[in-house]
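S.K.: Got a predicted structure plus its sequence, pasted below:
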Amino acid sequence: MKYYSFKLLFIAFFILGCTNDIDTKTKPNILFIMSDDHAYQAISAYDDRLIQTPNIDRIADEGMLFTNASVTNSICAPSRAVILTGKHSHINGKIDNIAEFDDSQMTFPQLFQKAGYQTAMFGKLHFGNNPKGVDDFLILPGQGDYINPRFLGKDKDTIITGYVTDVITDLTLNWFKTKRDKNKPFLTFYLHKAPHRAWWPSPEKFAEFYEREFPEPENLYDDYSGRGTAAKTAEMNILTHMQYMQDSKVRPSTFEKMGKVEPEILYARGDGTFFQPTSASFYNRYNRGNEEQKKKYDVTLNKISEDFKTNWPNMNDKEKMKWKFQRYMQDYLATISSVDDNVGRVLDYLEETGLDENTIVVYTSDQGFYLGEHGWFDKRFIYDESFKTPLMIRWPNEIKPGTTNEEMVQNLDFAQTFLEAAMIEAPEDMQGESLIPLLKGDNKKWDRDAVYYHYYEYPSVHMAKRHYGIVNKEFKLAHFYFDVDEWELYDRVKDPNEMNNVYNDPKYKDVVKKLTTELKEMRIKYKDSEELDKSFIYR
Ligand code: SGN
Ligand code: CA
């Protein structure tokens, strides 16, 4: 007996000893960079028609660019829950932005912390509850603010003067410079609020991008005729649903003098009540600035209002759409330009300190976004621009620089990928696949050819109907349920803009049959079901 307890004690000490003495040379560091609502169309590594993002592109140039990366549920907080737990929304329970995240469940940073990693998180998490598994954090409460943002910390809250993208970067760099434990590998979350709506660029970028004009997508004037009810009833059309004050930044005073010109659109809160965005949402943002900051913003705000006053009364709907689209792109892309500059600062720091050699750098977004495709802004749908998300990973000596990968990968896979890279065992019930074989160029070891999607938040802001579906490289099959019962099939090769639902086209009879079966099997595999669908009611 005695011998056995001694032996157990010895083994325990040995294990503890190993974890304390974690090998910083073999265990890679991980820097996870995520922005909020960053469309891949707005990253020049994917598409350089709208903006140049030389710093974000560095990650792809020196690593791997994924062209078919997607999310399982295209909405902010649910995407983050999927990333942290490695489980679909119906399993982790965070089906929409309102549902509470049950933080008693295992998230991958907790496993890293236990395994001896130093962990930290800065920026937007979006959960009400504080992050678990991170030694240090400063996170924005909920959506956070662009100007002089408040942060929730471990010990106390703090308001920091400045522009949110710069501030989050300063916090991250400061942590690297003053808090990093050189005897431990790190897992650091660097999470931007930008380019989330309501877009509020830094004053300098605001002025710079206001002077630019951007190309329109070919389906900006989409009339949704080839689609079902969901596309027709969604409230995310730039002409009809974007707000002149809140989004386009026409000053409320200008606006009021001209009479009621705002599109009459009520936003559903999700609890059965509705609201009309008002001048309050403009002032909430503008008034966060101090006098000096406001003065800088005034220069461009005055130009916008002048232009609106002079030209808006004579515009037809097509011209209004054009005007709103340009204002949208100017602001959205201006916020991205700041993200790109700041990502450059962090990459430079890693290079200067030599940390880059053993650090996996990931750049992604919590989902994609419509930049005028289908006439839309926002996300939520399984249609490509919101379903797909940017993903690029740099890992020296493991990933061949400048490679492109077209496999169907998802945010669901991140947790298992990072755990495998760090040689930490992943819990059996995680539902993704580690991307390590793909990163190492061993594509033969990858046998997933389709992914599962399920969106819930309805009725709510933007009114995107509930749906689930299956997507492979050639086709996309979606079932809109709840208050309708409609199926849609898209031929991703022949109709990349997804303008024609071919579900009822006899030519696609076999494809429908095959994909319907695969979707059923997939729902069983991931433990999703009609019973669960019914149990999730959006409040
Ligand atoms: C806010 C935005 C919406 C956005 C949701 C969810 N409206 O309600 O446009 O879809 O957040 O975004 S705004 O009037 O506040 O700009 S998410 O990224 O948090 O899911
Ligand atoms: Ca988001």
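M.R.: Here it is on my side, so go on. Ligands and ions are numbered 1, 2, ... in the order given.

S.K.: ok, the closest residue in space to residue 529 that isn't next to it in sequence - contacts?
M.R.: Excluding the flanking residues, the one nearest residue 529 by CB to CB, 6 or more residues apart in numbering is residue 523, at 6.4 Å. (Each C-beta comes from the backbone N, C-alpha and C, glycine too.) Listed by CB atoms under 8 Å, 6 or more residues apart in numbering, the contact partners of residue 523 are 452, 468, 529.

S.K.: For the residue nearest the centre of the chain, list the residues it contacts.
M.R.: Residue closest to the mean C-alpha point of the chain, counted by CA atoms, centre = their mean, is residue 366 at 1.7 Å. Under the criterion of CB under 8 Å, 6+ apart, the contact partners of residue 366 comprise 34, 35, 36, 37, 71, 76, 79, 80, 83, 389, 411.

S.K.: Inside strands: which ones of the residues you listed?
M.R.: Those of these mapping onto strands are 34, 35, per DSSP state E.

S.K.: can you redo the contacts of residue 366 as CSV with neighbour count and distance to residue 146?
M.R.: Converted to CSV, those look like this (neighbours: other CB atoms under 10 Å; distance: CB to CB, whole Å):
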residue, neighbour count, distance to residue 146
34, 24, 17
35, 28, 13
36, 26, 11
37, 28, 13
71, 27, 24
76, 22, 16
79, 26, 21
80, 24, 19
83, 25, 23
389, 27, 22
411, 25, 25
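
S.K.: wait, which of the contacts of residue 366 is closest to ligand 1?
M.R.: Distances from ligand 1 to the contacts of residue 366, taken as CB to the nearest ligand atom, are shortest for residue 76 (2.9 Å).

S.K.: Run a quick check on the closest one versus residue 126, I expect a contact.
M.R.: Yes: if you go by CB atoms under 8 Å, residue 76 and residue 126 touch, sitting 5.3 Å apart.

S.K.: Find residues that contact each of these two.
M.R.: The contact lists of residue 76 and residue 126 share residue 97, where a contact means CB under 8 Å, 6+ apart.

S.K.: about what we covered before: ok so the residue nearest to residue 529 is a strand residue?
M.R.: No: under DSSP: H, G, I helix; E, B strand; the rest coil, residue 523 sits outside any strand and is assigned helix.

S.K.: Can you check the pLDDT for it?
M.R.: Each residue has a pLDDT score; the one for residue 523 is 98.

S.K.: for residue 237, same thing?
M.R.: Residue 237 carries a pLDDT value of 95.

S.K.: who's in contact with it?
M.R.: Going by CB under 8 Å, 6+ apart, residue 237 touches 375, 376.

S.K.: can you list the weak-confidence ranges in the chain?
M.R.: Counting by pLDDT under 70, the chain contains low-confidence residues at 1-25, 260-278, 538-539.

S.K.: Walk me through the domains of it.
M.R.: 2-199+360-448, 203-330, 467-535 (automatic domain parsing).

S.K.: Could you say which of those is packed most deeply?
M.R.: Mean neighbour counts were taken over the domains of the chain using mean count of other CB atoms under 10 Å, and the top value, a mean of 20, falls to domain 2-199+360-448.

S.K.: next one: it to chain centre, how far?
M.R.: Computed by CA atoms, centre = their mean, to the nearest Å, the separation of domain 2-199+360-448 from the middle of its chain amounts to 10 Å.

S.K.: That one close to ligand 2?
M.R.: Yes: with CB under 5 Å from the ion as the threshold, domain 2-199+360-448 lies in contact with ligand 2, specifically through 36, 37, 76, 366.

S.K.: So what touches the helix or strand in which residue 170 is found?
M.R.: Counting by DSSP states H and E, the element that carries residue 170 is helix 164-178. By CB under 8 Å, 6+ apart, the surrounding residues in contact with helix 164-178 are 120, 122-124, 136, 138, 140, 144-147, 149, 151, 160, 162, 188, 190-194, 202, 335, 338-339, 342, 345-346, 349, 353, 355.

S.K.: Out of the residues you listed, which sit inside strands?
M.R.: Cross-referencing the contacts of helix 164-178 against strands under DSSP E gives 120, 122, 123, 124, 136, 138, 140, 151, 188, 190, 191.

S.K.: Name the nearest residue to residue 467, ignoring sequence neighbours.
M.R.: The spatially closest residue to residue 467, leaving aside those adjacent along the chain, is residue 480, at 4.4 Å (CB to CB, 6+ apart).

S.K.: The one you found bridge partners, please.
M.R.: Each beta-bridge partner of residue 480 is listed here, defined by DSSP bridges: residue 467, residue 486.

S.K.: Can you give me every residue that contacts it?
M.R.: Taking CB under 8 Å, 6+ apart, one finds 228, 229, 230, 465, 466, 467, 486, 487, 488 in contact with residue 480.

S.K.: what do you get if the cut-off is 10 Å, keeping everything else the same?
M.R.: 228-231, 381-382, 455, 458, 464-469, 486-488 (CB atoms under 10 Å, 6 or more residues apart in numbering).

S.K.: so where's the longest helix in the chain?
M.R.: Using DSSP state H, we find that the single longest helix of the chain is helix 317-352.

S.K.: Can you tell me the strand partners of the following helix or strand past that one and which way each runs?
M.R.: Toward the C-terminal end, the helix or strand that comes next after helix 317-352 (DSSP H and E) is strand 359-365. Each strand pairing with strand 359-365, determined using DSSP bridges, is listed with its direction: strand 29-35 (parallel), strand 391-394 (antiparallel).
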